[in-house]
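Enquirer: got a predicted structure here, sequence first:
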Amino acid sequence: MALDRMIFAFAGVMILLSLSLALTVHIYWLGLAAFVGVNMLQAAFTGFCPLAIMLKKIGVKPGKAFS
C-alpha cells in the first residue's frame, strides 16, 4: 500500500475511533477527531505530515500525494 493511502486510512480509522469513543465513553473524545482534522488541513497547506515522515523512515514507498 502506498504512503498516501496509508495516511488516509489511518486518519479515517482515528476519526471513526474518536466518534465511537465519544458516543460510548465521553464527549471529549471528539477532540481527537478535531486534532486529526486540523492536522490534515495544515498538511494540505504546508506539506508537513508527521505520519508521512515516520512511514517514510520505515520504508513505505510514497504515493502520488506525498512524492
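Expert: Arrived safely. These figures come from a predicted structure and were not determined experimentally.
Enquirer: residue nearest the centroid of this structure?
Expert: Centroid-nearest residue in the chain: Ala11, 3.1 Å away (criterion: C-alpha atoms, centre = their mean).
Enquirer: could you find the closest non-adjacent residue to that residue?
Expert: Residue nearest to Ala11 in three dimensions, not counting chain neighbours: Val36, with 5.4 Å by C-beta to C-beta, 6 or more residues apart in numbering. Bear in mind the C-beta positions are built from the backbone N, C-alpha and C, glycine included.
Enquirer: equivalent analysis for Ala22, please.
Expert: Nearest to Ala22 is Trp29, by C-beta to C-beta, 6+ apart, at 4.1 Å.
Enquirer: gap between the one you found and Met6?
Expert: 23 Å (C-beta to C-beta, to the nearest Å).
Enquirer: and the helices in the chain?
Expert: 3-24, 30-46, 50-57 (DSSP state H).
Enquirer: list the buried residues for the last one?
Expert: For helix 50-57, burial by neighbour count (16 or more other C-beta atoms under 10 Å) applies to 51-52, 55.
Enquirer: can I get these in a markdown table with pLDDT?
Expert: Shown next, in a markdown table, are those (pLDDT from 0 to 100):
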| residue | pLDDT |
| --- | --- |
| Leu51 | 92 |
| Ala52 | 90 |
| Leu55 | 92 |
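Enquirer: flag the shaky bits of the protein, pLDDT-wise.
Expert: Where the chain drops to pLDDT under 70, the residues are 65-67.
Enquirer: could you redo the last one with a cut-off of 80?
Expert: Applying pLDDT under 80 to the chain picks out residues 63-67.
Enquirer: what is the neighbour count of Ser18?
Expert: Using other C-beta atoms under 10 Å, Ser18 is surrounded by 19 other residues.
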